[in-house]
Structure formats: C-alpha cells, structure tokens
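**Q** show me the folded form of this:
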Amino acid sequence: MKPSAGRFAEYLQSAFGAAPGSVRLSALGRGSHGRGYRASFLQKGAGRKVIIKALDKNIGLGHDYPSDRAEVFLLASETYGKFPSHVKALDVLSMQPNGSAMSISGGAEYYLVMEEGEGVSYFDDLREMRELKNLRRRDRERVSALARFLARAHARKKDAPALYLRKVRDIIGHGECLMGVFDTYPVNNGFTNLAELAAIEKACVDWRMVLKEKTERLSRVHGDFHPGNILFRERKSFCLLDRSRGEYGEPADDVTALCINYIFFSLMEHGKMAGAYEDAQSFFYDEYIGTSGDEAVNEVSAPFYAFRAAVVANPLFYPEVTDDVRGKLLAFAHGALRAKEFSPAKINSYISDGLKFRKRFF
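**A** Now for the predicted structure:
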C-alpha cells in the first residue's frame, strides 16, 4: 500500500508537532529490499526531515507477510540507537486499512488476544484408540472430517514461488522447526547424539533441493495441525487453534503434523505401527488423497515427517516418553528421508530400516 501524504501528515503533526500544511513527502527510490520516502516539515518554526522506510513483500527474503516486515522494523527500532554512529530509529508505524498510520514501537513485550476455543482435544481420541484393533464409527467419521477439511483448505493455491521456498527453508531452519527443535534437545540425553541429529539435518537439506521445483504446490495451510490444536465439539464438528508460521505453505506440512501422532501413539502402545492407529493412518490418506487428488503429497513428505518426528521425540515436549520410543521415532525419520517416496503402508519398514541405519552413530 502506497503511503498517503495526508495520512502521514496527520501522524507527523500528532507525534512530532509538525506544523499543519508544512509536510512534504517525496520518494527517495528503491533498494534491494524496499523503498524509502523523505518527509519534510516545520517543527516549532524550524525545518526537519525524517525518513520513512518500507520493505518489499514480493522478493522473498522472509518478508512475505506484514508481520515479517513488522518484525524487521521492531528489531531496528530496538537496536539502531545502541550501535556507535548509527542513525536513530524514531518510531515504527502500522498503516491501517483506512490509510492512517499508528505507532507500534516501544513495547517491552507483545500479546495476542483471541477467542476461546470450545471442545475436547483430539488427543483424547488418540488415547481411546489404544485398546482398539480397528476404528470405531465415530473415529472414522472424525478421521474423514479432518482429511476432507484439509483437502478443501489446501485447494486454495497461490502463485508465489519465493513463498513456497521460504516455507521449505523454514521447516528445516526456523527456530520453531527442525533445527530449532533439535537445539532444545539435551546434549547428553541417552537416546541420540549430535552426529545423528546432524545427519537428519543434512538429509533434509538435500530434500530442500528436491522440493525447489515444486513451487506450484503452494497452498493455504494451518501450519500446526496437530491433535492439541483440534477441538471436537460434536461427532464431526471441530474448531482449530494456533495457526502457525504463515498463511501459505506445503500441504504435506499439515498432513504430517496430524499423521505423525498416529505413528507416535502406536509406538507408545504397540512398539510398532498397528491396531486402530494403523487403520487411522491408512484411512486418513485414502480420504485426503481421494478428496484432494494430491497423490504427489507422498513425494514431498519426508522432510516434514522428519521435523514432526523431532517434535514428538523431544523430551522438552513429551518428558514421559521412553528412550526406546524416541529412538524409533528418529529411526522413522531416517527411513522416510532415505526413501524416494513416502508410503503410508511402509511405516514399520521405515522404522526397521532406520534402526539399522542408526547403528552407525553409536
């Protein structure tokens, strides 16, 4: 949105005491990251100039969403004045939908206010599946509802190759994703070591180059579609919490966020993929692919499964899980990453192959 000279004049009058009618806004040109404007005005009878900077949302570099650009400017506001001989940052502005500008700088902390979700966590359903060999009718209805919901959500596509590449890059290197999660593992933890974690990270980097040619897959996503963020109110009705890390991404991110939990709970209960959990995994993929037509989701899932396996194997998030289960989760990550294409029917094979592969690290 191009800044309005009139709206900025209102802001400068309020924040800097600019004399009414004295504000002049002129474009300075573009740089590699964005563009700048000079605002000239009279302040207590003397001339003053300030620079207003904007970032370009269309070039990538992690500037895709307004919140990304706000993050850059809030950090600049905090740090510019702390470095010798650096120009000072005076404020951070948010342009509102009506074109007005308001200050958002100076906060020591920030908070999100949102509605309260109502319902029962899908984790409760997973716990109830422990003693089942096959899914109950209600279980199948809910798996179908989740699969079809995601298929419909993912049907909205976006032509923004840089944003797709950012999502793939983030799933490996973001502080909330694979590398960030591994950084929260205790160094001496009894179930893995730094060499193994490095091997998983390196394998994911190789997968990043495979996905680099898949930018047409960019879709609307939730970003953290795991059972704790799914609250069922009735048999098939649910609400969602905590959409994460952007509006668009790779559909496999949502699929794996849910399905890793069928694997996780099955390993805790059976030591392998079995029972109702195996039934749920298979049924989910049938429903999701049948509705979306996206058979290619299995061609790109491996690094996303590696990230999700790292999450559920993490002692920080799940302190009561045994080292045996944690090891099998990492073995699953190895097996999935080493396969050319993921198959929901080969979970136990991935774990078995991964356990053999893990021996080189111990």
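
**Q** correct me, but residue 61 touches residue 34?
**A** No - assessed by C-beta atoms under 8 Å, residue 61 is found out of contact with residue 34, at 9.9 Å. Yep, even glycine has a C-beta here, placed from its N, CA and C like the rest.

**Q** now do stretch 134-143: distance to the chain's middle.
**A** Here stretch 134-143 is found 28 Å from its chain centre; the criterion is C-alpha atoms, centre = their mean, to the nearest Å.

**Q** scratch that, stretch 100-107
**A** 26 Å.

**Q** with stretch 217-232 instead?
**A** Computed by C-alpha atoms, centre = their mean, the separation of stretch 217-232 from the middle of its chain amounts to 10 Å.

**Q** likewise stretch 117-136?
**A** With C-alpha atoms, centre = their mean, you get 25 Å for stretch 117-136.

**Q** that one: end-to-end distance?
**A** For stretch 117-136, the first-to-last residue distance is 26 Å (C-alpha to C-alpha, to the nearest Å).

**Q** contacts for that stretch next, please.
**A** 139, 142-143, 146, 227-228, 230-233, 237-241, 261-262, 265, 269, 275-277, 279-280, 283 (C-beta atoms under 8 Å, 6 or more residues apart in numbering).

**Q** flag every buried residue along that stretch.
**A** Under the neighbour-count criterion of 16 or more other C-beta atoms under 10 Å, stretch 117-136 has 121-122, 125-126, 129, 135 buried.

**Q** in ChimeraX, select just the buried ones from the contacts of stretch 117-136.
**A** The buried residues among these can be selected in ChimeraX (16+ other C-beta under 10 Å) with this line:
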select :139,142,143,146,227,230,231,232,238,241,261,262,265,269,275,276,277,279,280,283
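
**Q** confirm for me that residue 226 is in contact with residue 258.
**A** Yes - assessed by C-beta under 8 Å, residue 226 is found in contact with residue 258 at 6.4 Å.

**Q** would you state the strands of the stretch 151-300 of the chain in chain order?
**A** All strands of the stretch 151-300 of the chain, identified by DSSP state E, counting those that start in this stretch, fall at 219-220, 230-232, 238-240, 248-249.

**Q** report all helices and strands that the last one contacts.
**A** What it means is strand 248-249. Packing partners of strand 248-249 (3 or more C-beta pairs under 8 Å, 6 or more residues apart in numbering; DSSP states H and E): helix 161-173, strand 219-220.

**Q** what residues does it touch?
**A** Here strand 248-249 makes contact (C-beta under 8 Å, 6+ apart) with 158, 160, 163-164, 167, 218-221, 223.

**Q** parallel or antiparallel, list what pairs with that strand.
**A** Here strand 248-249 has these sheet partners by DSSP bridges: strand 219-220 (antiparallel).

**Q** also the second one?
**A** Using DSSP bridges, the strands paired with strand 230-232 are strand 120-121 (antiparallel), strand 238-240 (antiparallel).

**Q** so which of these comes closest to residue 353?
**A** Smallest distance to residue 353 across the strands paired with strand 230-232 (C-beta to C-beta): 32.7 Å, for strand 120-121.

**Q** now the element after that closest one, going C-ward?
**A** helix 122-128 (DSSP states H and E).

**Q** and stretch 176-187, end to end?
**A** Start-to-end, stretch 176-187 (C-alpha to C-alpha) is 18 Å.
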